[in-house]
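Trainee: the sequence isn't on hand, but the structure is:
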């Protein structure tokens, strides 16, 4: 069995999901959460808070693979910077624990789940519910 931690990075909201992959294409739901940080806190305080939460998650579930959404260009530079900073923390934590990292774009994730890279969020959600039961 392979334990996979998926991470949707963000400084304000960071989404995580843990699944177990069995034989063939079988997968089972393990855990899901959203970590938040207040916009009023300093960036270093927010990154430190997320790091602690991620360390606890990594210690609890001990994933074999970490699937991280790749930072992509947006019009809002502040959002891109926050996402990139959080991604750096995640990559460093994975490296320090010897966890393999797979970087995926949002369209790659959507295509993998729904078969269509431009699927809407509700379509992706529906397929995830169907796959994981």
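Mentor: Yes, it's here. This one's a predicted model, so the numbers in the text were calculated from it and none came from an experiment.
Trainee: next one: residue 35 from residue 104, what distance?
Mentor: 20 Å (Cβ to Cβ, to the nearest Å). For every residue, glycine as well, the C-beta is placed using N, CA and C.
Trainee: neighbour count for the two, which is higher?
Mentor: Neighbour totals were compared for residue 35 and residue 104, and residue 35 leads with 18 against 15 (other Cβ atoms under 10 Å).
Trainee: give me the buried positions along the helix or strand where the more buried one lies.
Mentor: Using DSSP states H and E, residue 35 maps to strand 27-36. The neighbour-count check on strand 27-36 (16 or more other Cβ atoms under 10 Å) flags 30, 35 as buried.
Trainee: same thing with stretch 3-16?
Mentor: 3, 4, 5, 6, 7, 8, 9, 10, 11, 14, 16.
Trainee: okay if I get those residues as TSV plus secondary structure and distance to residue 127?
Mentor: Output for the buried residues of stretch 3-16, formatted as TSV (DSSP: H, G, I helix; E, B strand; the rest coil; distance: Cβ to Cβ, whole Å):
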residue	secondary structure	distance to residue 127
3	strand	21
4	strand	17
5	strand	19
6	strand	14
7	strand	19
8	strand	16
9	coil	22
10	coil	22
11	coil	27
14	strand	22
16	strand	19
